[in-house]
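[1] Quick one, what's the 3D model for this:
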Amino acid sequence: MKKITKALLVVSMSAALALPGVTTYASEKPSASFDTSALTKQEKKELENDLLQIKELKDKKVNKAELEKNLKELEKVNPEKYKDIKKAQGIQVMTVGEMGTNGDILITYDNKTSGWRHGHAAIVQTNNDYIVESWPNVGVRSYKNNWSSRFSSKKKMYISGASSSKYTAAQAYAKSKIGSPYQAPVGKNSPIAFYCSSLVWQAWYKQGYDLDGNGGLLVTPADLENDSQTIVY
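    Numbers count the residues shown, from 1 in each chain. Okay, here's the model as predicted:
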């Protein structure tokens, strides 16, 4: 009976993982490796340059005066988003570690995948209890938003000038890719396979925002933060 029960449990879990939109709770220590041998010289150079920036970006603090200036501008162009962000700033969710609001970008510079030392990125769903991310060994998935407690380095960003409908459309695009495979490296324009930051970049690119700070062949969390249209808050 125990063997049958165990077998049924394995089948049930496998079926759940195969269903698009089902939140999964896989291991936080992926074993998939990033195959650098498949990279071109230009792509390798891009990644090397990004690594040089990561330490500075990881320790970079939010300039409060500059942020307030940006938020005042946001209040004018998108009052709804402004209210959501101000509300999020005033709530401390230490228990679950929830971060961000509808369509925001979350990044970390923690490293968990062999060969990929550039961190991780995700996009916040309309229900900001959840995010969409592309995760090694799993693929694109809906996952609980515990970003603040999940990673030691963490940042949230909104997109300058974007309307509320763009935020909703960006996260909807990412959700439409749930079930797609994880692949790294892969061109950032690939519509069928994604790594973390390529999914986020593409979700916003489809809304008319190219958030790749250096405009290279690959896009990393550092590229997303370095883009002039993203604002860390």
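[2] State the phi and psi torsions of Pro191.
    Main-chain dihedrals, Pro191, degrees, to the nearest 10: phi -90, psi 0.
[3] I should have written Ile131 there, sorry.
    Here is the backbone geometry of Ile131 (degrees, to the nearest 10): phi -130, psi 170.
[4] Can you check the pLDDT for it?
    Per-residue confidence (pLDDT) for Ile131: 98.
[5] can you check the one 5 residues further on too?
    Looking at Pro136, its pLDDT reads 91.
[6] end to end, how far does stretch 172-185 reach?
    End-to-end distance of stretch 172-185 (Cα to Cα, to the nearest Å): 24 Å.
[7] Check the model's average confidence along that stretch for me.
    Mean pLDDT, stretch 172-185: 94.
[8] Would you mark the buried spots in that stretch?
    Across stretch 172-185, burial judged by 16 or more other Cβ atoms under 10 Å covers 172-175, 177-180, 182-185. All C-beta spots, glycine's among them, are computed from the backbone N, C-alpha and C.
[9] what's the answer for stretch 102-113, then?
    So, applying 16+ other Cβ under 10 Å, buried residues of stretch 102-113: 102-109, 112-113.
[10] on that earlier part again, would you list the buried residues of stretch 172-185 in CSV and tack on secondary structure and distance to Gly139?
    Listed next are the buried residues of stretch 172-185 as CSV, based on DSSP: H, G, I helix; E, B strand; the rest coil; distance: Cβ to Cβ, whole Å:
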residue, secondary structure, distance to Gly139
Ala172, helix, 18
Tyr173, helix, 16
Ala174, helix, 12
Lys175, helix, 13
Lys177, coil, 9
Ile178, coil, 8
Gly179, coil, 7
Ser180, coil, 6
Tyr182, strand, 5
Gln183, coil, 9
Ala184, coil, 12
Pro185, coil, 16
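[11] right, and out of these, which lies closest to Asn137?
    In terms of Cβ to Cβ, no member of the buried residues of stretch 172-185 lies closer to Asn137 than Tyr182, at 7.0 Å.
[12] isn't that closest one right up against Asn137?
    Yes. The criterion here is Cβ atoms under 8 Å, and Tyr182 meets it with Asn137 at 7.0 Å.
[13] before we move on, back to that, out of the buried residues of stretch 172-185, which is nearest to Asp129?
    Set against Asp129, the nearest of the buried residues of stretch 172-185 by Cβ to Cβ is Lys175 (13.8 Å).
[14] before we move on, the earlier item: now, the most widely separated pair of the buried residues of stretch 172-185?
    Pairwise over the buried residues of stretch 172-185, using Cβ to Cβ, the maximum falls at Ala172 and Pro185, 26.0 Å.
[15] Which residue, other than its chain neighbours, is closest to Glu225?
    Spatial nearest neighbour of Glu225, excluding adjacent residues (Cβ to Cβ, 6 or more residues apart in numbering): Leu57 at 5.7 Å.
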